[in-house]
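Visitor: Generate a structure from the sequence data that follows.
(chains A and B)
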Amino acid sequence: MNTFLPTPTADTKFFWEATQNKELKFQKCRNCGHVRWPASIACPECHSFDFEYVISKGIGKIYSFVVYNVAFHEAFKQNLPYVVAIIELEEGPHILSNVITNNPAELRCEMPVKIIWESYENYNIPKFKPFEN
Amino acid sequence: MKYTHLKKLRDKYAIVGVGYTPQGKVPGRSALSFYVEAGINAIKDAGLKKEDIDGLICYRQFPAISNEPEATPYLVAQLLGIEPTVLSQESYCPRHHFVQAVSLLEAGFCNYVLIIYADNALSGRRMFIEEATHPEPKNDNYMYGEFGFVGDYALAARRAMFEFETGPNTWKEIAVSQRKWANLNPNATMYNKPLTYEDYLNSEYLIEPFRKLDASLISDGGRACIVTSVERAKDLKNPVVSIMGIGEANPSIDIHQATYITGPTGAKKASQMAFEMADITLNDIDACEIYDCFTYTVEITMQDYGFFKPGEGKDFFKDGFTAPGGKLPVNTSGGLLSEAYFMGLTPITEAVMQLMGRAEKRQLGVAIGNKKPEIILCSDNGGVLQTHATIILRRL
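Guide: Here you go, the predicted structure:
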């Protein structure tokens, strides 16, 4: 599916390196406990520069989602319709991803999802699928 | 009442000229040519000389198409033959131009500020995807097949459908009412193209929950206006349209992390500032020109402004309440959905034309069954609800 691969920056290198081991890694503020995304040098809540890394359990819920019925890029034509979603992880961060389903009509906001990894070239890409508790 | 100190600016500055260009699909033209034409026409419309312009502010600059030069403010100033004291252009979407213009005038750095937006997006086939809403690293969004504005605003709209009662039944009212306005405006791209509820509901989803009819047009053309003091405006040829209130707010957080996308958005804070400065209430508003990149943007903006409670938009917009002849006209040119896309200048210049009494067949007043407007509420919004400006204009 993926024509576009991750584009690690100096700030997101740790995140994409962790995905090599199928780990979803975030920075957690040592001062206030806020788990942040996007990655940043400092905590946007308390401005502390002190942080530790945490590995997300990869469980969350759909905050919002849309169904693409049109491919804005040729590479996505074969995938139509596909679902782009904002996932609210249990640890707090909201991340953009895809929800993999054969039936987009079943999806709802707040629906539980869990991570699945899709491998492309040297990367593992975090995606999600509906998950019954 | 945190903004009462702004009352000193009430009715102190005015918009004195509007510049139009051919618009819609206008092939064979560079973006720059529309900047120049809109700018010259605004100067002429105000009855000014080019030498009077000492501030030039351009809206967001999209990357130039093919081998065209970028429409930088340097180049626009050069081709207008002006040498402004202040030049400015946004690189993303903060809708700062009118606050900036008023500030420059109030401080005394400028006397006449020209504000322009132009593009050849339709003929140049700009998809508004390469230049997505996000600073680096935008390619990580592409990886998931998320290509910018339509998908991002649809994410906000979907969450709103979950949090309160909204959806296509609300948005169809907005799309249909605005199309009725466009059918009174021969300059509108959708003039002579009536739209029914059935047309709306029968059209296919683009990015569900949005159909193409929920999205603004892509346009060739340009729009410009000039801001100066009310004192100077009184000596110029057009009726005086003053800035009665103005406010701005920038919640800034990217749509993919934001939780304000279902309200209150920046519209709430910006409008509080503008209304406190103007010292009026919603009851004093005769019409609205609301930035409508998508139908949902009109709903959430007017909801945050306090016209109705969350989820009550469905009843507010029905029975043509905002259409020609309705009690509260909204987007009387057809707006970005049905007239043409010139960012915040589509709504703001339309308000100016209505207040000057120059809106021809769509002119609010006895002929259309609406009150002749004295006060019009305008909004400008950018990014994905990340930035908002409210401007209350008044015929003095």
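Visitor: Now A:Ile115: which helix or strand?
Guide: A:Ile115 belongs to strand A:112-120 when assigned by DSSP states H and E.
Visitor: how far is whichever helix or strand comes after that strand from where the chain is centred?
Guide: Beyond strand A:112-120 in the direction of the C-terminus, DSSP H and E gives the next helix or strand as strand A:123-130. The offset between the C-alpha centroid of strand A:123-130 and the centroid of the whole chain comes to 7 Å, using C-alpha atoms, centre = their mean, to the nearest Å.
Visitor: In strand A:123-130, which of the residues would be classed as buried?
Guide: Neighbour counts over strand A:123-130 (16 or more other C-beta atoms under 10 Å in any protein chain shown) mark A:123-128, A:130 as buried. Where you see a C-beta, it was placed from the backbone N, CA and C, and this is true even at glycine.
Visitor: Ramachandran angles for the closest residue to B:Ile375 other than its chain neighbours?
Guide: Closest residue in space to B:Ile375, ignoring its immediate chain neighbours: B:Arg394 at 5.0 Å, by C-beta to C-beta, 6 or more residues apart in numbering or on different chains. Comment: the main-chain dihedrals of B:Arg394 come out as phi -140, psi 140, following degrees, to the nearest 10.
Visitor: B:Pro373 is in contact with B:Arg394, correct?
Guide: No: under the criterion of C-beta atoms under 8 Å, B:Arg394 is not in contact with B:Pro373, lying 9.3 Å apart.
Visitor: Mutual contacts of those two, please.
Guide: The overlap between the contact sets of B:Arg394 and B:Pro373 (C-beta atoms under 8 Å, 6 or more residues apart in numbering or on different chains) consists of B:Leu355.
Visitor: how far away is B:Ala389 from chain A?
Guide: Plainly put, B:Ala389 is 24 Å away from chain A if you go by C-beta to the nearest C-beta, to the nearest Å.
Visitor: Which strand or helix spans that residue?
Guide: When elements are assigned from DSSP H and E, B:Ala389 belongs to strand B:387-395.
Visitor: residues contacting B:Arg211?
Guide: By C-beta under 8 Å, 6+ apart, the residues touching B:Arg211 are B:168, B:200, B:203-205.
Visitor: Quick check: beta-bridge partners of it?
Guide: B:Tyr205 (DSSP bridges).
Visitor: hang on, the earlier thing: list the strands paired with the strand holding A:Ile115, with their directions.
Guide: Within its sheet, and counting by DSSP bridges, strand A:112-120 is paired with strand A:59-68 (antiparallel), strand A:123-130 (antiparallel).
Visitor: Just the buried positions in that strand, please.
Guide: Buried residues in strand A:112-120 (16+ other C-beta under 10 Å): A:113, A:115-116.
Visitor: Tell me where chain A has strands.
Guide: Ranges of strands in chain A, per DSSP state E, are A:25-29, A:35-36, A:51-55, A:59-68, A:82-89, A:94-98, A:112-120, A:123-130.
Visitor: Turn these into a markdown table, columns for mean pLDDT.
Guide: Converted to a markdown table, these look like this (pLDDT from 0 to 100):
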| stretch | mean pLDDT |
| --- | --- |
| strand A:25-29 | 98 |
| strand A:35-36 | 98 |
| strand A:51-55 | 98 |
| strand A:59-68 | 98 |
| strand A:82-89 | 98 |
| strand A:94-98 | 97 |
| strand A:112-120 | 96 |
| strand A:123-130 | 96 |
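Visitor: Between the ones you listed, which one is closest to B:Ile253.
Guide: strand A:94-98 (9.6 Å; C-beta to C-beta).
Visitor: excluding its backbone neighbours, what's nearest B:Asn381?
Guide: Leaving aside its sequence neighbours, B:Asn381 is closest to B:Tyr291 (4.4 Å, by C-beta to C-beta, 6+ apart).
Visitor: Can you name the residues that contact the one you found?
Guide: B:Tyr291 makes contacts with B:297, B:301, B:336, B:343-344, B:346-347, B:378-381, as judged by C-beta under 8 Å, 6+ apart.
Visitor: Mind doing that once more with 7 Å?
Guide: When contacts are counted by C-beta atoms under 7 Å, 6 or more residues apart in numbering or on different chains, B:Tyr291 is found next to B:297, B:301, B:344, B:347, B:379-381.
Visitor: Close to chain B: what parts of chain A are there?
Guide: A:2, A:4-7, A:9, A:12, A:37, A:63-70, A:72-73, A:76, A:79, A:82, A:84, A:86, A:94, A:96-98, A:109, A:125 (C-beta under 7 Å from any C-beta of the partner chain).
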